[in-house]
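Q: below are the sequence and a predicted model; questions follow.
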Amino acid sequence: MKTRENKNLPADEDPKEIASEKSQILIRYFIVVVLFIVVVIGISVSIFKIAFTEKEKWEKVAERQKRPDQKVKPERGNIYSSDGKLMVTNVPRYYLYMDFRAEGFPQDSFRHAKSNGLDSLAICLAGKLGNRSVKGYKEHLMRGLNQKSREYPVYEGRVTYADLKAIKQFPFIRLGRNKSGFYAKEMVQRQKFYGSLASRTLGDIYNEIETGDLPKGKNGLELRYDSLMRGRFGMKSTIRVGRNWTDVIDEEPTTGMDIVTTIDIQVQDFTENALVDKLREIDAESGTAIVMEVRTGEIKAISNIERVRPGVYTETKTRNYAVADQIEPGSTMKIASIMIALDDKVCKPDDVVETGNGKYRYADHDIIDHNADRGGYHRITVEQAIWYSSNIGVAKTILKGYERQPEKFIEGLHRVGMDADLNIEIPGAGHARIRTPEDARWSRLSLPWMSFGYEVQVPPIQMLTFYNAIANNGKMIRPVFVKEVRENGKTVERYSTETVRSSICSRETLRIIREMMVNVVEKGTGAAVHSNAVPIAGKTGTARIATGGSYQSHQVSFCGYFPVDDPQYSCIVVIRRPRIGYPSGGTMSGGVFKTIAEKIYADRTKIEVRSMERDSTAVRLPVVKNGDAKALEYILDELDIKTRPRHVKAGYAAGERQTENNLIELKELTVREGLVPHVVGMGAKDAVYALENAGLRVNLSGKGKVVSQSLPPGQRAVKGQTVGIVLKN
């Protein structure tokens with residue numbers, strides 16, 4: 001009996017067939033491996049060929065699918081007021097151009113087409129832009145066509161994005177860039193939301209058209225903080241995806257930082273309005289006003305106003321007088337002179353000075369008081385010399401102590417910080433110029449003239465800083481225009497108060513000087529500055545302005561602080577070349593100062609009415625107008641006034657005072673549909689609503705509450721009929 005060699009094989013399978021199948025599998029596997037190796041070799045050869053042999057060819061092909069990298073403009077940072085109001089931000093504006101050599105520009109149809117050519121385009125541009133007539137635009141565009149200009153300005157000004165979108169739909173322009181040649185250049189314009197308020201200090205920028213790069217600061221804070229606010233370019237590439245081009249941001253642009261100024265919009269508005277009103281009244285050439293917070297040095301308002309034409313004044317665009325004006329200050333300098341003399345024990349406030357009839361001959365020149373034509377002051381004390389602003393009184397006091405050693409007086413001016421380096425944040429800020437005995441222009445007259453504000457130049461901001469130190473218990477601090485810098489809403493740098501001089505004089509001298517400044521207002525040349533609302537201390541100043549080697553026109557000023565007992569703000573007002581009225585620092589500049597002080601004081605004063613004592617003469621129950629019942633109940637409840645009954649069901653109610661019960665008695669006023677309502681005793685709003693709700697037309701006159709109505713209440717109301725009502729207080 002035969003047995004199988006492999007008991008595991010199925011009975012119906014032949015070993016030879018199995019061997020044949022294995023052989024075929026191996027052959028197919030080998031073929032696949034060979035094909036794979038061939039493909040890999042082919043790919044490797046192709047890679048080598050592309051990477052080395054045909055490298056330049058394929059790089060050129062790749063470049064055709066990609067446009068050159070372009071810069072991405074960042075947003076310039078914003079400028080905010082001290083309380084977070086947006087003062088300056090970016091607004092896109094566009095210059096309009098025509099390329100008369102554009103590839104598809106149809107010259108014939110542009111010249112002659114009736115509905116989509118020059119004529120219709122000129123009509124639309126003239127109507128939209130308004131700077132030329134239709135004929136003017138036709139001539140203007142034809143001039144560009146004849147010049148075959150590639151960058152011909154369609155409009156000399158700039159337009160908004162909304163205007164640009166509208167213009168792109170104009171005849172001929174709507175044919176597109178390649179045919180019409182029309183294109184626009186975008187630039188960033190800085191928009192000042194509060195118009196001229198502090199405009200010169202905030203500053204301006206150069207735009208991209210002027211710089212060929214990012215907008216850059218031109219002046220003011222825009223220039224001072226330009227490196228922070230400008231931001232940095234990003235980069236983008238444009239690649240072809242299918243039939244379209246797509247921008248790919250390679251590097252995000254860095255948005256510029258924001259700055260928060262110390263400017264208070266409300267105080268700035270008070271300051272500018274008061275200054276403009278006075279300049280217009282006296283027909284002055286220009287004026288400056290600065291308001292500083294005493295303890296922090298923060299500049300809360302700064303205005304530089306000039307006359308642009310008769311009766312019209314605006315913020316100057318040429319010069320920041322407040323920080324850059326280097327001009328002789330006049331009598332505001334007398335406070336510094338007497339402060340030095342008091343500290344050096346040269347004088348006491350009650351020392352007597354003989355001023356004679358208002359003229360004093362010294363070094364072959366006359367020193368003259370402002371009242372010389374009225375006989376002068378004769379014998380006065382040193383403190384009175386300040387009250388009355390006597391040039392002779394101050395000059396004689398300074399000559400008594402420093403005539404033989406004028407350098408000691410100059411040292412005193414340095415000591416009180418009159419020429420201290422304030423490191424003002426506004427580019428172009430001036431510095432005090434104080435003449436010394438070594439100066440070639442020094443003469444015997446220099447010392448007495450410097451004592452009352454001549455032969456020395458002090459910018460208004462410098463003089464204000466000195467007076468602010470007097471208000472701040474002798475501590476001189478640097479004026480601050482910017483509180484902090486922010487990035488993406490987060491504070492990255494905060495500026496703190498910097499001390500310039502810890503003390504400008506002794507405590508006793510400071511007390512005397514402050515008392516003198518109070519009496520300037522109460523008893524002297526600053527009488528016009530006296531206010532019943534807020535106590536003010538300060539000093540008047542009147543100086544002649546040197547022009548062409550001689551003194552002709554005047555500059556008047558007032559510098560001081562308020563309120564006297566707890567100084568919160570210091571302020572300086574300078575007015576140049578007034579043409580109406582007698583030049584006076586008290587009535588002119590002092591008048592502006594007083595208005596500013598009273599408005600700030602009123603705005604900042606908070607009174608808790610409920611804590612005040614009741615006035616015995618006050619009316620406890622108000623007169624109540626008839627009207628809407630719910631509104632009447634609400635307001636009486638808010639005023640904590642009792643009513644009887646507490647609520648009424650009717651829509652309208654009348655209120656009658658019951659003084660003996662100290663309450664208001666409410667009575668229902670029934671308004672029936674179709675009848676003329678009773679509106680006597682109502683206010684205008686409720687009366688008109690009730691009558692018009694009845695279908696009547698209302699003709700009213702007067703103000704207050706209704707005292708009579710032409711149609712009797714209760715009669716049938718005819719729709720459209722007119723009813724007359726008379727109101728009286």
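A: Cool, got the structure. Numbers count the residues shown, from 1 in each chain.
Q: rest of the way, CA atoms for contacts and neighbours
A: OK.
Q: ranges for the helices of the stretch 251-400 of the chain?
A: 265-282, 321-324, 334-343, 382-387, 391-402 (DSSP state H, counting those that start in this stretch).
Q: ok, the stretch 451-600 of the chain next?
A: Using DSSP H, counting those that start in this stretch, helices in the stretch 451-600 of the chain cover 460-471, 507-523, 590-604.
Q: hey, least reliable of those by pLDDT?
A: The stretch with the lowest mean pLDDT among the helices of the stretch 451-600 of the chain is helix 590-604, at a mean of 94.
Q: ok, then the element right after that helix?
A: strand 627-628 (DSSP states H and E).
Q: now do that next one: distance to the chain's middle.
A: Its chain's C-alpha centre and that of strand 627-628 lie 44 Å apart, by Cα atoms, centre = their mean, to the nearest Å.
Q: tell me if I'm right that residue 388 and residue 520 touch.
A: Yes. Contact criterion Cα atoms under 8 Å: residue 388 and residue 520 qualify, at 7.1 Å.
Q: more neighbours: which of those two?
A: A side-by-side neighbour count of residue 388 and residue 520, using other Cα atoms under 10 Å, places residue 520 first with 28 against 23.
Q: residues contacting the more buried one?
A: Contacts for residue 520 (Cα atoms under 8 Å, 6 or more residues apart in numbering) come out as 386-388, 526-527, 537-540.
Q: ok, and the most crowded of the residues you listed?
A: That'd be residue 540 among the contacts of residue 520, by other Cα under 10 Å, with 35 neighbours.
Q: now do the contacts for that one.
A: 331-332, 389, 520, 525-526, 556-559, 585-586, 590.
Q: what bridges to it?
A: Beta bridges link residue 540 to residue 558, judged by DSSP bridges.
Q: mind checking pLDDT for it?
A: Reported pLDDT for residue 540: 97.
Q: from residue 567, how far out is it?
A: Separation of residue 540 from residue 567 (Cα to Cα, to the nearest Å): 18 Å.
Q: then residue 644?
A: Counting by Cα to Cα - residue 644 and residue 567 are separated by 50 Å.
Q: between these two, which one's more packed in?
A: Each of residue 644 and residue 567 has its neighbours counted (other Cα under 10 Å); residue 567 has more, 21 against 14.
Q: okay but that one is in contact with residue 472, surely?
A: Yes. Using Cα under 8 Å as the test, residue 567 is close enough to residue 472 to be in contact (7.4 Å).
Q: what touches both of the two?
A: residue 294.
Q: what about residue 552, how many residues nearby?
A: Count around residue 552 with other Cα under 10 Å applied: 12.
Q: for it, list the residues it contacts.
A: 544-546 are the contacts of residue 552 under Cα under 8 Å, 6+ apart.
Q: repeat that for residue 219.
A: 200, 203-205, 426-427.
Q: distance of it from residue 425?
A: Counting by Cα to Cα, the gap from residue 219 to residue 425 is 11 Å.
Q: got it, and residue 188?
A: 24 Å.
Q: repeat for residue 418
A: 18 Å.
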